[in-house]
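*Asks:* give me the fold of what follows.
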Amino acid sequence: MTEQVPPAPHAARGAEQAMLRTALRDSLVLVAGLAVLGSAAGLLIAGVPGLWGALIGAALAAFFCGATVLSMLWTVGKGAVTMGAVVMGGWIAKMVVLIVVMAVITQFDFFDRVVLFVVLLLGAVGSALLDYRAVRNARITYVDPDAGS
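*Replies:* Model (predicted):
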């Protein structure tokens with residue numbers, strides 16, 4: 001069954017893409033900040049294992065933030081069902097990656113687990129807040145007054 005969705009006007013797609021690019025840029029800045037500040041804090045708190053924990057946490061946060069926004073950028077203008085399917089499939093894939101990465105790295109003790117958790121948590125919460133800010137500040141029409149006539 002094919003999805004019968006009229007294509008979004010070019011201006012609307014451009015606004016959506018600009019909003020998602022803003023979210024991606026802000027998330028990358030957040031992750032870079034987390035990598036630098038988390039590494040410094042991890043090094044001070046737990047030594048070299050804290051540094052490694054912060055770097056792994058920042059890398060995982062970058063993967064999660066980037067994958068979500070990039071999947072949404074890819075589906076701009078393709079309809080809500082397609083976007084929902086890609087985002088949901090991406091979420092499942094990210095959970096699988098997280099489980100596999102955690103199963104592999106828990107066998108090692110070169111990193112501090114608490115630092116990794118804190119950096120990853122800050123990345124997830126910070127990214128959600130930045131995504132919210134990007135959506136809130138976007139110039140995207142939600143209602144087309146001409147569509148009802």
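*Asks:* and the spatially most central residue of the chain, what does it touch?
*Replies:* Nearest to the mean C-alpha position of the chain, by C-alpha atoms, centre = their mean, lies Cys65 at 1.7 Å. Neighbouring residues of Cys65 by C-beta atoms under 8 Å, 6 or more residues apart in numbering: 24, 27-28, 30-31, 123, 127. (Each C-beta comes from the backbone N, C-alpha and C, glycine too.)
*Asks:* most widely separated two among the residues you listed?
*Replies:* Leu24 and Gly123 (13.8 Å; C-beta to C-beta).
*Asks:* tell me which of those two has more neighbours.
*Replies:* Gly123 (26 against 20; other C-beta atoms under 10 Å).
*Asks:* how many other residues sit next to the residue nearest to Asp26 when sequence neighbours are not counted?
*Replies:* Nearest residue to Asp26 in three dimensions, chain neighbours excluded: Leu130, at 4.3 Å (C-beta to C-beta, 6 or more residues apart in numbering). Other residues within reach of Leu130, judged by other C-beta under 10 Å, total 21.
*Asks:* now for Met19: which residues touch it?
*Replies:* Contacts of Met19 (C-beta under 8 Å, 6+ apart): 134-135, 137-138, 140.
*Asks:* using PyMOL, define a selection of the buried residues within those residues.
*Replies:* Applying 16 or more other C-beta atoms under 10 Å to the contacts of Met19, the buried members can be selected in PyMOL as follows:
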select buried, resi 134
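*Asks:* average pLDDT for the helix or strand harbouring the residue nearest to Asp26?
*Replies:* Here Leu130 sits within helix 113-137, counting by DSSP states H and E. The pLDDT scores in helix 113-137 average 91.
*Asks:* show me what counts as buried in that helix.
*Replies:* 113, 115-116, 118-120, 122-123, 126-127, 130-131, 134.
*Asks:* try stretch 82-89
*Replies:* Met83.
*Asks:* next: stretch 93-109.
*Replies:* Under 16+ other C-beta under 10 Å, the buried positions of stretch 93-109 are 94, 105.
*Asks:* now swap in stretch 16-24 and tell me
*Replies:* 16, 19-20, 22-24.
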